[in-house]
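**Student:** For reference, the sequence and a predicted model appear below.
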There are 2 protein chains.
Amino acid sequence: MKQIPESKILEDFLAEKNMRLTYPRKVIVQVFLQSMSHLDIEELHERVRKVDKDIGLATVYRTMNLLVECGLAQENVLFQDKKCFERVYGRDHHDHLVCTRCRTVKEFHHPMIERFQEKTAKKHEFSIVSHRMTLFGICRDCKE
Amino acid sequence: MKQIPESKILEDFLAEKNMRLTYPRKVIVQVFLQSMSHLDIEELHERVRKVDKDIGLATVYRTMNLLVECGLAQENVLFQDKKCFERVYGRDHHDHLVCTRCRTVKEFHHPMIERFQEKTAKKHEFSIVSHRMTLFGICRDCKE
DNA sequence: AATAAAAATGATAATCATTATCAATATCAA
DNA sequence: TTGATATTGATAATGATTATCATTTTTATT
Ligand SMILES: [Mn+2]
Ligand SMILES: [Mn+2]
Ligand SMILES: [Zn+2]
Ligand SMILES: [Zn+2]
């Protein structure tokens, strides 16, 4: 099957809701799609302001919420009460290893874990909608 | 090995830090240890006020933080940005199934999942300090 | 191109959970 | 009983996020 490009996803979503693909939104999406890491709103705003320093924080919040709604972004809470965002469209599901010392985030995927999660849900007659699994600890580099 | 009772754990912890086992703290701990579910601060405060309506919210916050420090309580964020607390001392580790409709929380433990988490960490040369896994979805009762 | 309706923006106020502050009170060892 | 010290509750402060609103952009219509 063909992969609809991310830009199209957003366009369609906005059209559907009678919303407009404005210049600030274009900048924010571009910055978000370029970023590889798990960035919080403040970090995104900083990068957005390097393109146009007049774009406000509120618009970054609003736009990131739109990107979550349309399925381009996912929010995670990897550190103390602060959301960070990452691309998810067209990517496989994964979970996170978080170093509490250097704040590095590594991604991993373990099919068996996913399998057993499903099995557990079934046993409890529970329908999983989503799940979050995060392993906190010390990464290799921080162990010296 | 003998199990040191929960009340002793707190006493020792407080003694160690030149802190006092005061009446408000006694009430709060008693209420917490009696409660079976995953209660947030507001809910704990309500129950505490049924014993003594003059005990303040700040003291509940402070005391629950002490209980976490000394290892009697663990905090989880199962719903939108609000911590809830549960007993952990002398209990086995477990993870959570959270129904997003009725907000019921079920506990489960899957040794294989834990095993594979460790394996994953080892592969990444990562030392796990703690982990959080939560499955969100719809429970049996809410499916009718 | 001019116009009018609708949507979006940025500044800022409001919200909500949690923590910090501080004067008044409780605790405890001497 | 006293005096040093820890604790309390009320409340202010904080930090992340959302709501508000006057002004500006965008788009469709003339
Ligand atoms: Mn990720
Ligand atoms: Mn639990
Ligand atoms: Zn590290
Ligand atoms: Zn339910």
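**Tutor:** Received it, and whenever you're ready, just let me know what you need. Numbering: from 1, shown residues only, chains lettered A, B, ... in the order given. Ligands and ions are numbered 1, 2, ... in the order given.

**Student:** A:E11 touches A:L21, doesn't it?
**Tutor:** Yes. With contacts counted by C-beta atoms under 8 Å, A:E11 reaches A:L21, the gap being 6.0 Å. C-beta: built from backbone N, CA, C; applies to glycine.

**Student:** With only the CA atoms kept, save the helix or strand hosting A:V60 in CSV.
**Tutor:** Using DSSP states H and E, A:V60 sits within helix A:57-69. The C-alpha coordinates for helix A:57-69 follow below in CSV (Å, rounded to 0.1, in the frame of the first residue of the first chain):
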residue,chain,number,x,y,z
LEU,A,57,4.1,29.9,22.4
ALA,A,58,0.3,29.4,22.5
THR,A,59,0.3,28.7,18.8
VAL,A,60,3.0,26.0,19.3
TYR,A,61,0.8,24.4,21.9
ARG,A,62,-2.3,24.6,19.7
THR,A,63,-0.5,23.2,16.7
MET,A,64,1.1,20.3,18.5
ASN,A,65,-2.4,19.4,19.8
LEU,A,66,-3.6,19.3,16.2
LEU,A,67,-0.7,17.1,15.2
VAL,A,68,-1.6,14.7,17.9
GLU,A,69,-5.3,14.7,16.8
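
**Student:** Tell me, how many residues neighbour the nearest residue to A:C70 once chain neighbours are set aside?
**Tutor:** Setting aside the residues directly before and after it, A:C70 is nearest to A:F13 in space (C-beta to C-beta, 6 or more residues apart in numbering or on different chains), at 3.7 Å. By other C-beta atoms under 10 Å in any protein chain shown, the residues close to A:F13 number 17.

**Student:** May I have the phi/psi pair for A:F13?
**Tutor:** The phi/psi pair for A:F13 (degrees, to the nearest 10) reads phi -60, psi -40.

**Student:** same deal with the one 10 residues further on?
**Tutor:** Backbone torsions for A:Y23, taken as degrees, to the nearest 10, come to phi -60, psi -50.

**Student:** Can you list the low-confidence ranges for chain A?
**Tutor:** Scanning chain A for pLDDT under 70 picks out nothing.

**Student:** mind giving me the domain split of it?
**Tutor:** Annotated domains of chain A cover A:6-87, A:95-143 [automatic domain parsing].

**Student:** Pull up the residues of chain A that are close to DNA strand D.
**Tutor:** Chain A comes close to DNA strand D at residues A:20-23, A:40-41, A:57-58, A:61, A:65, A:81-83, as judged by C-beta under 7 Å from any atom of the strand.
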